[in-house]
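Participant: Okay, here's the prediction I keep looking at, along with the sequence it came from:
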Amino acid sequence: MMAHLILRVTIKLLFAPIIVFALYVQFHGEYGPGGGFQAGVIFAAAFVLHALGFGLDETKKVLPPKVLPWLMVTGVMLYAGTGVATMLLGENFLDYDILQPDSHHHAGQHIGIILVELGVGVAVASTMLTIFYYFAGREPEIRDEDW
Amino acid sequence: MAIPGLEQLPVLPVVIPLVAAPLTLLMKPGRAPWAWATLVSWVTFVVTLLLLEAVWVHGPVEYAMGGWGAPEGMSAPIGITYYVDLANALVLTLVAGIASVVFPYAYYSVESEIDHRQTPAFYTALLICFTGLLGVTITGDAFNVFVFLEISSLSTYALIAMGARNDRRALTASFNYLVMGTIGATFYVIGIGLLYQATGTLNMLDLHQQLMGQSNRMVEAGFAFIITGIGLKLAMVPLHLWLPNAYCYAPSAISAFLAATATKVQVYIILRFMFSVFGFEFAFLEVALNAFIVLGIVGMFYASFVAVFRDNVKQMLAYSSIAQIGYMLLGISFGTVDGVAASLIHVFNHALIKAALFMGVGCVVLRLGSSNFAAFNGLAKRMPWTAWGLIISGLSLVGVPLTVGFISKWKLMEAAFQTQTFIPPLLIVLLIGASSLLAAIYIGRLAYAMLLQPVPEDAEPVKEAPHLMRITMWIMVLANIWFFFQTDVTVGVATRAAQALLDTGLGYGGAY
Amino acid sequence: MDIIEFIVGRYNYWIFITLMMIGLYIVISRGNLIKTIVGLNLFQTSVFIFYISIGKIVGGTAPILVGSYKADDSYGEGYGDESHGAGEQTSGAREGLHDADGLDIPSNSLSAEVPAGGAPSAVSGSLHQMPDTARETAAGMASGVNATYDSVADAAAQGAEVIYTNPLPHVLILTAIVVGVATTALGLALAVRIREAYGTIEEDELEAEDHFAEFGVPLHPEQGQARGGAA
């Protein structure tokens, strides 16, 4: 336990800033460099770091693997749902302008991009973590049925 | 517009399976994911039929994603557009049609070949693959093709690897396919990069406009990269080595689906790039056309020849697929309306043939647990419906009258007679005939085993395949006969589609 | 001198081709599945470099609206400082164009100057450098800095003094990177599964085992016996 003390304290210190940075990249992506994919990867990286320091089981308690498929689906549905919503409102797929048609400043574009990027971010983060969980949590010998 | 919502039609074939796929992942293993996937394939099929009808009546349809169409004063769209003309409407309908028959078929086959708990993941991957194939076909943006190509390919690798429960060779087959497929896709991206550098656009029709008269080394290199890349994915003859094992060890339903759709979509991309994007003004096209004659003929013979000596029926059919790709390339290589039409007709017909054949083999695998020739001995007595379905679609593969295979061969020969290439037309026709004989030999071998070989004495009695599988298989078999009589559907659409493609290629057409 | 210029002027292509060949060579020659994936990655990365380098313009800045506006433009100022002396760079790019005249492969700086999207007349000045996304970026920027420009033309006129790097290849390659990540993950997953099913990830051993399974005889009789015994 003591052997990893410095490592674990460092990880504890870094964990929250990484998440905050991920959120910054996520919501800054609409104005400047950034966006859902990068944010999702940074977000997942925080959990990977956690797993490296505290062990996979601890991380799985923080973010259970069962949640991840739901998050993946939520992410994709948020993305596709935005597109379908614009279609239902009578414009082309992902034509964000219709979300706020009266605006002169293309406010619809803002709303649309934020929603879509959020969807991408959630989907990417959960997918990355799923991949990590599966690779890291692999038993050395595994039965065929478990695959 | 006659039907309300028609303007949204071009995007629906991609959006419907795309939205449906993630939802499948959350379902309970068993019947629900299968029923959902089937429903989605049917809805998509209806949409593609409406789309085909709309294109047939009103001409090409264009759809600007996100409303980023061409602004005033500019000729080309800013964003990604979906562009549907008859050629891709036909392929779209084909892909969705095959899916709407193969997905219901899959149920029992998947239950027996794939771990029960994996079924939601399986159908999710299947729907994503379906989305990708439709997206490749429908999009009018060259880079978007790559994205959809990889969406379909990645899910295909996973689906093939799922056959590992029966035979671990599925894993190595899938890995080899992954390596080859990724190299192919990356080649394609390099090609697109070079074209983008030369023209500054990615829209296919705009590329055509910008490339007019441009014929420098950069464009030629781009062309070569694109054709080689797609050739890898297509299993064009020297680049075909990944295909036999991938189709052989994949789960039966996947073999049927992929053999009938994946390579067909690649043929469409080649057609699109050769004629719609580059066109005849591009002098280098001639080189590719001449290469296609040679590769086509070599493929026809080499792969048929190998197929004769295979002991595994699935592998035999996979090699036969490579040979059939040879016919399609040969049709393209004529560079005439008839040739391209013959190629498109064969794309359509061969999809029906191979779907029926692989579905039949899937029934045998379900009941007898093997696709080796030994399992087929005396099959006509043990599983008559399956056996006769296999024989009829096998005859169609050979090109016997009363089946669609005959139409394909007939149109191809007709086209061959009217073209001037460096090989005399008569010789090409004779070669087509001779390679059909090779097909007759390997199909004959299968028919011989099923009809005349005795049932092994120690064999346990077997039941016929479940009704669902038999019915769906026979839908395909009957389609093989029906489209012989209803040639105006295939030949009519294909000829007009080829006409449109070549008009663009010659510089008459072009939507802008 | 010409030869040196030919080589140095296109150094990005040399890097791209060298990396690509190294990657392909690894894919073809290495028998280990993991090494194959590494080679594949290198191969893909070379293409990323190719795309990114064709979008880059010497002295060009990120495609974010710069300059001084009436409205709140803290973003613009920040990036504006980086692109010092816009006028200089415009002439620099012109020179690049001139040098490359008569060559059939456009050099680095020229590549992005090629008029694009069938829209040469519609957009002016440096907007050439961001062809397909012109409206997208311009519209995004116009709203992004809360400026009062409604039309593309206004935004374009304002941005005309600054040279932007073409963002489109970068965006495209971001997509390709995502695809690459997925491919690598899937490839590694398959390698793990193969290791579990076969006990090896060496290609020739896999081949020998498959050969044995298919034909019932060892691929290399003298080695095969030993393995057959072990299995």
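Facilitator: Received the coordinates, thanks.

Participant: Give me the neighbour count for the residue lying closest to B:Ser215 once chain neighbours are set aside.
Facilitator: Nearest in space to B:Ser215, with sequence neighbours left out and distances taken as Cβ to Cβ, 6 or more residues apart in numbering or on different chains, is B:Ala283 at 5.4 Å. The C-beta positions use only the backbone N, C-alpha and C, and glycine is treated the same way. The tally of other residues near B:Ala283 (other Cβ atoms under 10 Å in any protein chain shown) stands at 10.

Participant: Likewise for C:Glu207?
Facilitator: Around C:Glu207 sit 14 other residues, with neighbours defined as other Cβ under 10 Å.

Participant: For it, which three-state class applies?
Facilitator: C:Glu207 falls in the helix class when you classify it by DSSP: H, G, I helix; E, B strand; the rest coil.

Participant: circling back to that earlier point, unless I'm mixing things up, the residue nearest to B:Ser215 is touching B:Asn216, no?
Facilitator: No: the pair formed by B:Ala283 and B:Asn216 falls short of the contact definition of Cβ atoms under 8 Å, at 10.8 Å.

Participant: rewinding a little: quick check: phi and psi on the residue nearest to B:Ser215?
Facilitator: Here is the backbone geometry of B:Ala283 (degrees, to the nearest 10): phi -60, psi -30.

Participant: Assign A:Glu91 to helix, strand or coil.
Facilitator: When states are read from three-state DSSP, the local structure at A:Glu91 comes out as coil.

Participant: Show the contacting residues for the residue nearest to it when sequence neighbours are not counted.
Facilitator: Excluding its sequence neighbours, the residue lying closest to A:Glu91 (Cβ to Cβ, 6+ apart) is A:Ile98, at 4.0 Å. With contact set as Cβ atoms under 8 Å, 6 or more residues apart in numbering or on different chains, A:Ile98 has these partners: A:Thr86, A:Leu89, A:Gly90, A:Glu91, A:Gly108.

Participant: ok, the third one - contacts?
Facilitator: For A:Gly90, the contacting residues are A:Ile98, by Cβ under 8 Å, 6+ apart.

Participant: Neighbours of the closest residue to C:Thr200 other than its chain neighbours, how many?
Facilitator: Once its chain neighbours are removed from consideration, C:Thr200 has its nearest residue in C:Leu206; the separation is 6.4 Å (Cβ to Cβ, 6+ apart). Other residues within reach of C:Leu206 by the criterion other Cβ under 10 Å amount to 23.

Participant: For C:Leu206, give its distance to B:Arg169.
Facilitator: Distance from C:Leu206 to B:Arg169, counting by Cβ to Cβ, to the nearest Å: 9 Å.

Participant: what's the single longest helix in chain C?
Facilitator: helix C:168-198 (DSSP state H).

Participant: avg pLDDT for that helix?
Facilitator: Average pLDDT, helix C:168-198: 91.

Participant: Who are the packing partners of that helix?
Facilitator: Using 3 or more Cβ pairs under 8 Å, 6 or more residues apart in numbering or on different chains; DSSP states H and E, the elements in contact with helix C:168-198 are helix A:107-136, helix B:142-161, helix B:169-199, helix C:33-55, helix C:203-215.

Participant: Show the contacting residues for B:Pro461.
Facilitator: Taking Cβ under 8 Å, 6+ apart, one finds B:Arg382 in contact with B:Pro461.

Participant: now C:Ala197
Facilitator: Counting by Cβ under 8 Å, 6+ apart, C:Ala197 touches B:Ala164, B:Arg168, B:Leu171.

Participant: Please identify which of those residues is nearest to chain A.
Facilitator: Taking Cβ to the nearest Cβ as the measure, B:Ala164 is the one of these closest to chain A, at 7.4 Å.

Participant: what's the burial count for the residue lying closest to that closest one once chain neighbours are set aside?
Facilitator: Counting by Cβ to Cβ, 6+ apart, B:Ala164 lies nearest to B:Ala170, which is 4.4 Å off, once chain neighbours are set aside. The local packing count at B:Ala170 equals 26, with neighbours defined by other Cβ under 10 Å.

Participant: host element of A:Met87?
Facilitator: Assigned by DSSP states H and E, A:Met87 belongs to helix A:67-88.

Participant: anything in that helix sitting right up against chain B?
Facilitator: Yes: among the residues of helix A:67-88, A:Pro69, A:Trp70, A:Met72, A:Val73, A:Val76, A:Met77, A:Ala80, A:Gly81, A:Gly83, A:Val84, A:Met87 lie within reach of chain B under Cβ under 8 Å from any Cβ of the partner chain.

Participant: In contact with the closest residue in space to the third one that isn't next to it in sequence, which residues?
Facilitator: Beyond its immediate neighbours in the sequence, the residue positioned closest to A:Met72 (Cβ to Cβ, 6+ apart) is A:Ser126, lying 4.6 Å away. For A:Ser126, the contacting residues are A:Gly40, A:Ala44, A:Val67, A:Leu68, A:Pro69, A:Leu71, A:Met72, A:Gly75, taking Cβ under 8 Å, 6+ apart as the criterion.

Participant: Tell me the one of these nearest chain B?
Facilitator: Within the set of these, A:Pro69 lies nearest chain B; the separation is 5.6 Å, counting by Cβ to the nearest Cβ.

Participant: Mind telling me which residue of chain B is nearest chain C?
Facilitator: B:Gly200 (2.3 Å).

Participant: ok, how many other residues are close to that residue?
Facilitator: Here the neighbour count serves as a burial measure; for B:Gly200 (other Cβ under 10 Å) it reads 28.

Participant: I am assuming it contacts B:Gln210, so please confirm or correct that.
Facilitator: Yes: under the contact definition of Cβ under 8 Å, B:Gly200 touches B:Gln210, with a separation of 7.3 Å.

Participant: Under a three-state scheme, what state does B:Tyr63 occupy?
Facilitator: Reduced to three states with three-state DSSP, the structure at B:Tyr63 is strand.

Participant: any idea of the pLDDT on the residue nearest to C:Gly31 when sequence neighbours are not counted?
Facilitator: Take C:Gly31 and drop its neighbours on the chain: the residue closest to it by Cβ to Cβ, 6+ apart is C:Glu203, 4.1 Å away. Per-residue confidence for C:Glu203 comes out at a pLDDT of 86.

Participant: C:Glu203 against C:Ser29, yeah?
Facilitator: No: using Cβ under 8 Å, C:Glu203 and C:Ser29 do not qualify as a contacting pair, with a distance of 10.5 Å.

Participant: got a list of what B:Gln486 touches?
Facilitator: Applying Cβ under 8 Å, 6+ apart, we find B:Gln486 in contact with no residue.

Participant: and what of the one 3 residues further on?
Facilitator: The contact partners of B:Val489, by Cβ under 8 Å, 6+ apart, come to B:Phe483.

Participant: what's in contact with the host helix or strand of C:Ile7?
Facilitator: Secondary structure here is read from DSSP H and E; on that basis C:Ile7 sits in helix C:2-8. Helix C:2-8 is touched from outside by C:Trp14, with contacts defined as Cβ under 8 Å, 6+ apart.

Participant: In CSV: the contacts of C:Ala197, plus pLDDT and neighbour count.
Facilitator: Rendered in CSV, the data for those read as follows (pLDDT from 0 to 100; neighbours: other Cβ atoms under 10 Å in any protein chain shown):
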residue, pLDDT, neighbour count
B:Ala164, 89, 25
B:Arg168, 88, 21
B:Leu171, 93, 25
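
Participant: Just the pLDDT at C:Pro120, thanks.
Facilitator: The predicted local distance difference test score for C:Pro120 is 36.

Participant: same thing with B:Phe301?
Facilitator: What the model reports as pLDDT for B:Phe301 is 94.

Participant: So it sits against B:Leu438, correct?
Facilitator: Yes: using Cβ under 8 Å, B:Phe301 and B:Leu438 qualify as a contacting pair, with a distance of 7.0 Å.

Participant: Mutual contacts of the two, please.
Facilitator: Shared between the contact lists of B:Phe301 and B:Leu438 (criterion: Cβ under 8 Å, 6+ apart) are residues B:Ala323.
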